[in-house]
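**Q** Whatever this is, show me its structure:
(one chain, ligands or ions: 1)
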Amino acid sequence: MSMEFFIDSADIEAIRELCDFLPIDGVTTNPTIITKSGKEPEQVFAELAEVLTEDQKIIAQVVSLDYNGILAEAERIAQIRGGKNIVVKIPVTREGLRAIPAVKAKGISVLATGIYSPDQAFWAAKAGADYLAPYVNRMCNYGDGVGQVMELVNTLAQYGMDAKVCAASFKNVDQVHQLLAAGVPSITVNPDTIRDMVGHPGTAIAMEEFTANWQKAYGRTTL
Ligand code: E4P
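**A** Got it, this is the predicted structure:
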């Protein structure tokens, strides 16, 4: 199973910008992220389908919280882009946990979301979720969010459970760094934090130094 890196956003321009130079594996959204786009959800899904290739996953969340509503919305989401590489996010509430096996039985991939503890994640894995999204930064409000997610990865490995942790909710590069260093199998990160991961002022300074020295020696800025 390969490591996957998703963008946590519905900002189409940011997604286009990042996909242009980084091997991004897809996009995750949630209801709040969709509202922030200022667009209708159908338009956001259509634009995501346009800006992403079919190999890049679109991971979108149900809004209804009752079992029947979750099932109906999961089927709607699964129709985006003809169902190619679509994953439906379902919250780890009682209704959500009951819905996960039913949605899976329809052949739809599921990401269990709204996870604040390894124990909720364990039950979502047992219910058959493909991905588990612990909210790392939000978990940090209650304790060692990063440590608990690392523990979850180990628990799943010990039981040979197939569910893949998709670490979510990040506020800074250090949180992302710690989970990547611990070998988290997938992760979803907002555009600003991804930009901060890539850009370092030291790199720009080094390149300026090389160019200046080359210019001084050879009177040009190319090889
Ligand atoms: C991911 O799937 C979640 O929707 C998201 O990462 C939550 O992030 P937040 O804590 O920044 O809202």
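**Q** Point to the helix or strand of this protein where mean pLDDT is at its lowest.
**A** helix 136-140 (a mean of 91; mean pLDDT, DSSP states H and E).
**Q** Report the next helix or strand after that one in sequence order.
**A** Counting by DSSP states H and E, the element after helix 136-140 in chain order, helix or strand, is helix 145-159.
**Q** got the contact list for the helix or strand just after that following helix?
**A** With elements assigned by DSSP H and E, the helix or strand that comes after helix 145-159 is strand 164-167. Contacts with strand 164-167, where a contact means CB atoms under 8 Å, 6 or more residues apart in numbering, come from 1, 4, 6, 28, 111, 121, 130-134, 136, 149, 152-153, 156, 176, 179, 184-188. Yep, even glycine has a C-beta here, placed from its N, CA and C like the rest.
**Q** any idea how far Ile12 is from Tyr131?
**A** Here the criterion is CB to CB, to the nearest Å. By it, Tyr131 lies 23 Å from Ile12.
**Q** ok, back up a step: ok, which of the contacts of strand 164-167 also contact the ligand?
**A** Thr28, Ala133, Thr188 (CB under 6 Å from any ligand atom).
**Q** just checking, next helix/strand downstream of the helix or strand hosting the last one?
**A** It stands for Thr188. For Thr188, the enclosing helix or strand under DSSP H and E is strand 186-189. Past strand 186-189, further along toward the C-terminus, the next helix or strand under DSSP H and E is helix 191-198.
**Q** Tell me which residues are up against that following helix.
**A** With CB under 8 Å, 6+ apart as the contact definition, helix 191-198 has outside contacts at 7, 9, 11, 14-15, 17-18, 22, 170-173, 176-177, 189.
**Q** Top of these by number of neighbours, please.
**A** When neighbours are counted by other CB atoms under 10 Å, Val189 leads those with 27 neighbours.
**Q** circling back: what helices or strands is the strand holding Thr188 leaning on?
**A** Applying 3 or more CB pairs under 8 Å, 6 or more residues apart in numbering; DSSP states H and E, we find strand 186-189 packed against strand 4-8, strand 164-167, helix 173-181.
**Q** Give me whichever of those is most buried.
**A** Among these, strand 164-167 has the highest mean neighbour count (mean count of other CB atoms under 10 Å), at a mean of 26.
**Q** In the sheet, which strands lie alongside that one, parallel or antiparallel?
**A** strand 131-134 (parallel), strand 186-189 (parallel) (DSSP bridges).
**Q** avg pLDDT for the lengthiest helix in the chain?
**A** Longest among the helix segments of the chain by residue count, using DSSP state H, is helix 201-218. If you average the pLDDT over helix 201-218, you get 97.
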